[in-house]
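1. Provided below are the primary sequence and the corresponding predicted coordinates.
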Amino acid sequence: MNAAFSCAANSCIKARNSTFLSKKKQRRTSPRAEVTVAITNKTKESSSPTQLSLHGISCTDLFVHEIVQRQQSHKIGSSDFDIRTTRPNFHPMFLDEAYERCRDICAEYAKTFYLGTLLMTEERQKAIWAIYVWCRRTDELVDGPNAAHHSSSVLERWDERLDDIFNGRPYDMLDAALTDTVHNFPLDIKPFKDMIEGMRMDTRKNRYANFEELYLYCYYVAGTVGLMSVPVMGIAPESSVSAQTIYDSALYLGIGNQLTNILRDVGEDASRGRIYLPQDELMKFGLCDRDVFSRKVSNDWREFMKEQIRRARFYFDLAEQGATQLHKASRWPVWSSLMLYRMILDSIESNDYDNLTKRAYVGRAKKLMALPVAYTRSLSNPTVVFP
C-alpha cells in the first residue's frame, strides 16, 4: 500500500491509485519530468531503441517541496505546531482502545510491516498504525468488497471527514486515532487529500497513455504514503542529508512498490478490464491490449517486462538513499519493504516473465529469512549506502 506499508504480504493500496492531494486534481506544470536524485551508474539509461525512460513527474510538479517545507516548519515543539486546532479532549481509555483497534487491523492485514513497527517508540507505533488504517479504509472505498455499491459521492464525504479529522472532529474511533496522531506529529493534510484524489482517478481511468500518467497514479496511491510516514518515523539526528532528499526517497519507495504491484497483478487486473501499463510503451514493443487479454507470454512480452522491472528497480535504488537516513528505530520496516518487493520482481523473472497467468509472490520462508537481513541493514550508519 504505501511506501512504508507496502511490505505487507498484500499491499493495501495495490495497482490502483492514491494521493495525498488537495480536493482538485493537481496539474503538471511542465511536460517533461525529471528525477531529482542523482542516478547511479548502474541505472543510467542507455541509447537502446527499446530501452524505456525511467523518469516520471518531478517533485516540483507534484508540489512535494511545499509539503516538506510545511511539515518541517511545523516540527513538534515549534510555535506553529502548538497553535494548530485545539486538541480534542479524548478520554485516555478511549484513545487506548482506538489505537489498539488500529494495531489489530495492521497486524491482521500487514503482518510483515507490523513486525517492523515493533521496534519503534510507542508513540510512533500508534501513529503509523493510525495512518495505515486510514489508508486502508480509503483504498477499500474503491477496491473493497462493497466498492461496487458505492457512488462517487462516497469519496466526497470521505474528503469532508478528512477535514474533520484534521480539525479535531473525528467521526468514529478509528478517525479519532488519526486525529490524535495529527496533533502529535507535524502531518500535512495534502498527502491525505492526494490519496483521495487517487481513488477518484481509479474510478475514472482504466488505461494509461504513457508513463507520466502512470507515475501520477503511483504517486497518488503509494508515493503519498511515504510523505505521510517520514514525520512519524523521524530523521536520524546524525544524518547529513537534506530533509528533501529523505522525503524524495520515501516517495520513490512508494513509486517502486506500486510499479511492482502493477507488474505482479497484470493478469488479475486484466480480468477486471484494467491495464495499468503505459499504452505507448506496449506499442513500442509491438504489443497492445489484446496481447494482455490473450494471456500469451511472447518474446516481445518478455522484453517489455524486462524494461518494466528495470524501471521499478531504479526507484528502489533511489529509495535506498533515504532509508538509512531515517531514525534508527524506524528503518526496519522500510528496509523490509525494499527487500521484499525486490524479491517479487525476482519472482516474476523466475516465472519467465509470465505475470499474465501467474501471480508472483514471496513465500513465507523467504520473507522470514529476509527480515534479519533487513534488520541488519537498518542498523547501518546513515553515511553508509549499500551497493
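-> Nice, I can see it.
2. C-alpha from now on. contacts and neighbour counts both.
-> Will do.
3. just the helices from the stretch 1-150 of the chain, written as ranges.
-> Across the stretch 1-150 of the chain, reading from the start of the chain, the helices by DSSP state H, counting those that start in this stretch fall at 64-73, 79-82, 92-109, 111-117, 122-143.
4. hey, C-alpha coordinates of the first one in CSV?
-> Right, helix 64-73. Coordinates of each C-alpha in helix 64-73 appear next as CSV, following Å, rounded to 0.1, in the frame of the first residue of the first chain:
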residue,chain,number,x,y,z
VAL,A,64,6.3,17.8,-2.8
HIS,A,65,8.7,20.6,-1.8
GLU,A,66,5.8,22.6,-0.3
ILE,A,67,4.7,19.6,1.7
VAL,A,68,8.1,19.0,3.1
GLN,A,69,8.5,22.7,4.0
ARG,A,70,5.2,22.8,5.8
GLN,A,71,5.9,19.5,7.7
GLN,A,72,9.5,20.6,8.6
SER,A,73,8.3,24.1,9.7
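5. for whichever strand or helix holds residue 349, name the packing helices and strands.
-> Using DSSP states H and E, residue 349 maps to helix 331-350. On a contact count with 3 or more Cα pairs under 8 Å, 6 or more residues apart in numbering; DSSP states H and E, helix 331-350 meets helix 111-117, helix 243-264, helix 299-323, helix 364-378.
6. which positions in it come out as buried?
-> 331-349 (16 or more other Cα atoms under 10 Å).
7. for stretch 59-74, same thing?
-> Using 16+ other Cα under 10 Å as the burial criterion, the residues of stretch 59-74 that qualify are 59-62, 64-65, 67-68, 71-72, 74.
8. that's a helix at residue 157, yeah?
-> Yes - the secondary structure assignment for residue 157 places it in a helix, going by DSSP: H, G, I helix; E, B strand; the rest coil.
9. now the helix holding residue 349 and helix 364-378, what's the angle there?
-> For helix 331-350 against helix 364-378, the angle by axes from the mean of the first three to the mean of the last three Cα atoms, to 10 degrees is 130 degrees.
10. quick thing: my sequence starts at 83, can you match it?
-> All set: I'll call the first residue 83, so the last point we hit is now helix 413-432.
11. what is the least confident helix or strand in this protein?
-> Between all helices and strands in the chain, the lowest mean by mean pLDDT, DSSP states H and E belongs to helix 161-164, at a mean of 49.
12. any stretches of the stretch 183-332 of the chain with poor pLDDT?
-> 227-233 (pLDDT under 70).
13. now do 80
-> Within the stretch 183-332 of the chain, the ranges that satisfy pLDDT under 80 run 225-234.
14. and the helices and strands packed on helix 413-432, which is most packed in?
-> Mean neighbour counts were taken over these using mean count of other Cα atoms under 10 Å, and the top value, a mean of 28, falls to helix 325-346.
15. for that one, packing partners?
-> Secondary elements touching helix 325-346 (3+ Cα pairs under 8 Å, 6+ apart): helix 146-155, helix 293-300, helix 306-315, helix 381-405, helix 413-432.
16. so for the helix or strand that comes right after it, mean pLDDT?
-> Scanning the chain past helix 325-346 towards its C-terminal end, the next helix or strand to appear is helix 348-352 (assignment: DSSP H and E). Regarding helix 348-352, the rounded mean pLDDT is 96.
17. tell me who's in contact with the nearest residue to residue 444 once chain neighbours are set aside.
-> Leaving out its chain neighbours, the residue that sits closest to residue 444 by Cα to Cα, 6 or more residues apart in numbering is residue 426, at 6.1 Å. With contacts defined as Cα atoms under 8 Å, 6 or more residues apart in numbering, the neighbours of residue 426 are 342, 346, 442-444.
18. and residue 426, how far is that from residue 387?
-> Separation of residue 426 from residue 387 (Cα to Cα, to the nearest Å): 13 Å.
19. what's the pLDDT at residue 129?
-> The predicted structure lists residue 129 with a pLDDT of 43.
20. distance to residue 184 for the helices and strands packed on helix 413-432 - can I get that in CSV?
-> Converted to CSV, the helices and strands packed on helix 413-432 look like this (distance: least, Cα to Cα, whole Å):
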stretch, distance to residue 184
helix 193-199, 11
helix 325-346, 22
helix 381-405, 25
helix 446-460, 23
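21. do I have it right that residue 315 meets residue 405?
-> No - using Cα atoms under 8 Å, residue 315 and residue 405 do not qualify as a contacting pair, with a distance of 10.7 Å.
22. among the helices and strands packed on helix 325-346, which comes closest to residue 324?
-> Across those, the minimum distance to residue 324, taken as Cα to Cα, is reached by helix 381-405, at 9.6 Å.
23. just to revisit the earlier point, between the buried residues of stretch 141-156, which sits nearest residue 207?
-> residue 153 (19.0 Å).
24. find the nearest non-adjacent residue to the closest one, please.
-> Residue nearest to residue 153 in three dimensions, not counting chain neighbours: residue 268, with 5.3 Å by Cα to Cα, 6+ apart.
25. make sure the one you found is indeed in a helix.
-> No - secondary structure of residue 268, determined by three-state DSSP: coil, with no helix assignment.
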